[in-house]
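A.B. asks: For reference, the sequence and a predicted model appear below.
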Amino acid sequence: MILDQKKHEDLVAEYNTLLNMVHDLILIVIPDSDFMIEYCNECDYLNSLGYSSKKLIGTSFLDFVDQDNFNQIANILKKTSELSSRYDEFKLINSKKIPVWAEIKVTPFEKDEGSSRLIISLKDITKRKKLEAEIRISEERFKKIANTIPEIRFWKLFNPKKFEEALQSSYELLENVMENIPQYIYWKDTDLNYLGCNDNYAKLIGIDSPVSIIHKSDGELLWDKNQVIHNEKNEKDVINSKKAIFRTTEFWILRNGNKIWVNSNRVPLIDSDENIVGILVTFEDITERKIAEETLQLEHLRLERIMETNPAGIISIDKKGKVIYVNSQAEKVLKMEKNILLNTYLHESKFHMLDEKGVPLEEDDRPLQIIVATKKSLYDQKIIFETPNKNRIYVSLNGSPLLDSQGEIENVIFTVADITEKVLAEERIRESEKKYRDLLETSSVGILEVDVQNEAISFVNLKLIEIMGYQENEFLYENLNKIIHPD
């Protein structure tokens, strides 16, 4: 009995070690009680949702399902009770009542004779969904640029009548967990010979059954010598240091030559006497996420190149007013270097923003605040940037908000064009026209201006009015023939 007790303790220790490395949320629910949660592990995913195991245990799993997915998940749970494992994606409700994406796998399990349970594995796919959403909206971003020139504890899960039943139940549940989580799992002795693995890993390395792996080494099973060397080094480091290594990103070369990216965890196996008896390794395939990240990175690079070579000055500002990007043309327009502009806040900058008449803009009238408030674009807004030395730069400004997958503003992209010369030229023309008019009005000779195309009088000075004896309104816009003698 003492040996059985130690065997049970070692099993529980191994079980806890395994679950300590599983980032997914593992639940056991009772099918015939409105899917009440009977067990919940304390994992990172649970913490990120803002819940505790005490909060979940005793409540219905459906209470934490978003209403849009309620019928979908209820049907899956009901059908899984009768059938086999099922996968799907849906939205959970976190402690802040915010829907978050999760992948669900449900597997039926017989706890005792006539007593069934469902094992629910929940995987956080929020980041993947966000990446997918960002990729989907990248084209929209390009259009806007163009337009704007997872310590898990399992113990006391059940309360069996006999010790042997607890031991058998633990074995069965451990096996069910390993075979129904998406991770690849294997464990070795201190000489790095395999002691076991789950079905996922057996399929990955091309063996018929997990039993076939026992007492074999990587050198006998793996085809990539570099992978064998890599595994041996990292596994020896964990065994010698007695310290676990979590969440390292690595790649595997498959037998067919394809490369997959994995997120690996390596933990020393320690028995109840605190002796290291081996190593447990788990990893999950993150190739899809890695490709999505690389795709997004390429899109960002493409976007940056487009903005850098754009003939218009481009500035990107976050919704708090912090400058996060400045292209070379914007440096020229604003006559200030990037390193001075970047990471500064508009309200702390050395620029003063004025309207077209030179009046300082109120906070709510500034372009960024208008776009943040309305989530709409601005086009051809004329403003003046006044530098610390009182020089004024007249600019034509366009701005468009970049929205995230939730429809919230991430940042705002502005294009700025220097129109100082144009504005000053227009002012000189207006001044010249005024001087010209003043000269005509004060001339001692009669002066008449004619619109040749329409043969109509467009201007007459006071002297001519005096000479001709007409009123001004009798001259203007009349046909020239009206005042010219027929002969």
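C.D. replies: That came through fine.
A.B. asks: going forward, measure contacts and count neighbours with C-alpha atoms only.
C.D. replies: Noted.
A.B. asks: Which secondary structure elements does the helix or strand hosting residue 55 sit against?
C.D. replies: Using DSSP states H and E, residue 55 maps to helix 53-56. Judged by 3 or more Cα pairs under 8 Å, 6 or more residues apart in numbering; DSSP states H and E, helix 53-56 is in contact with strand 36-40.
A.B. asks: now the next helix-or-strand element following the strand it packs on, how far from the chain's geometric center?
C.D. replies: Per DSSP H and E, strand 36-40 leads on to helix 44-49 as the next helix or strand towards the C-terminus. The chain centre lies 18 Å from the centre of helix 44-49; the measure is Cα atoms, centre = their mean, to the nearest Å.
A.B. asks: do the same with stretch 290-297
C.D. replies: Distance, centroid of stretch 290-297 to centroid of chain: 12 Å (Cα atoms, centre = their mean).
A.B. asks: Repeat that for stretch 422-441.
C.D. replies: Relative to where its chain is centred, stretch 422-441 has its mean C-alpha point 55 Å off (Cα atoms, centre = their mean).
A.B. asks: again with stretch 44-51
C.D. replies: The answer for stretch 44-51 is 19 Å, by Cα atoms, centre = their mean.
A.B. asks: ok, back up a step: next secondary structure after the helix holding residue 55?
C.D. replies: Taking DSSP H and E, what comes next after helix 53-56 is helix 70-80.
A.B. asks: For the helix holding residue 55, give the mean pLDDT please.
C.D. replies: Computed over helix 53-56, the mean pLDDT rounds to 87.
A.B. asks: can you pull the buried residues of it?
C.D. replies: 53, 56 (16 or more other Cα atoms under 10 Å).
A.B. asks: who touches that helix?
C.D. replies: 37, 39, 40, 41, 42 (Cα atoms under 8 Å, 6 or more residues apart in numbering).
A.B. asks: and with 10 Å instead?
C.D. replies: 27, 36-43, 46-47, 63-64 (Cα atoms under 10 Å, 6 or more residues apart in numbering).
A.B. asks: now the residues you listed as a markdown table including distance to residue 337?
C.D. replies: Listed next are these as a markdown table, based on distance: Cα to Cα, whole Å:
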| residue | distance to residue 337 |
| --- | --- |
| 27 | 56 |
| 36 | 62 |
| 37 | 59 |
| 38 | 62 |
| 39 | 59 |
| 40 | 55 |
| 41 | 53 |
| 42 | 51 |
| 43 | 48 |
| 46 | 47 |
| 47 | 44 |
| 63 | 55 |
| 64 | 52 |
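A.B. asks: Report the contact partners of the closest residue to residue 202 other than its chain neighbours.
C.D. replies: Setting aside the residues directly before and after it, residue 202 is nearest to residue 210 in space (Cα to Cα, 6 or more residues apart in numbering), at 5.5 Å. Residue 210 makes contact with 186, 194, 195, 196, 197, 198, 199, 200, 201, 202, 203, according to Cα under 10 Å, 6+ apart.
A.B. asks: before we move on, the earlier item: what's the spacing between the helix holding residue 55 and its chain's center?
C.D. replies: Counting by Cα atoms, centre = their mean, helix 53-56 comes out at 29 Å from the chain centroid.
A.B. asks: Please apply the same query to stretch 277-291.
C.D. replies: The mean C-alpha position of stretch 277-291 is separated from the chain mean by 23 Å, Cα atoms, centre = their mean.
A.B. asks: right, and the helix or strand after the top strand by length along the chain?
C.D. replies: Looking across the chain with DSSP state E, the single longest strand is strand 99-112. Downstream of strand 99-112, the first helix or strand assigned by DSSP H and E is strand 115-124.
A.B. asks: isn't residue 376 right up against residue 408?
C.D. replies: No - taking contacts as Cα atoms under 10 Å, residue 376 lies outside contact range of residue 408: 11.8 Å.
A.B. asks: which residues do those two both contact?
C.D. replies: 401, 402.
A.B. asks: where are the low-confidence patches of the stretch 51-200 of the chain?
C.D. replies: Within the stretch 51-200 of the chain, the segments meeting pLDDT under 70 span 80-86, 112-114, 134-180.
A.B. asks: Repeat the analysis, applying 90 as the threshold.
C.D. replies: 52-57, 69-90, 104-183, 185, 195-200 (pLDDT under 90).
A.B. asks: For the nearest residue to residue 99 once chain neighbours are set aside, the count of nearby residues, please.
C.D. replies: Take residue 99 and drop its neighbours on the chain: the residue closest to it by Cα to Cα, 6+ apart is residue 93, 4.6 Å away. Neighbourhood size, residue 93 [other Cα atoms under 10 Å]: 17.
A.B. asks: any idea how far residue 93 lies from residue 406?
C.D. replies: Using Cα to Cα, to the nearest Å, we find residue 93 at a distance of 16 Å from residue 406.
A.B. asks: Which stretches in the stretch 101-250 of the chain count as helices?
C.D. replies: 126-147, 163-179, 199-205, 218-221, 225-241 (DSSP state H, counting those that start in this stretch).
A.B. asks: And for the stretch 301-450 of the chain?
C.D. replies: Ranges of helices in the stretch 301-450 of the chain, per DSSP H, counting those that start in this stretch, are 328-334, 338-341, 367-374, 420-441.
A.B. asks: Let's have the ones you listed in JSON lines, adding mean neighbour count.
C.D. replies: Converted to JSON lines, these look like this (neighbours: other Cα atoms under 10 Å):
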{"stretch": "helix 328-334", "mean neighbour count": "20"}
{"stretch": "helix 338-341", "mean neighbour count": "14"}
{"stretch": "helix 367-374", "mean neighbour count": "17"}
{"stretch": "helix 420-441", "mean neighbour count": "13"}
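A.B. asks: right, so of these, which gets closest to residue 276?
C.D. replies: For residue 276, the closest of those is helix 338-341, at 53.5 Å, according to Cα to Cα.
A.B. asks: outside of that closest one, which residues touch it?
C.D. replies: 315, 322-328, 330-332, 334, 349-350.
A.B. asks: out of those residues, who's nearest residue 278?
C.D. replies: Among those, and counting by Cα to Cα, the member closest to residue 278 is residue 324, at 49.1 Å.
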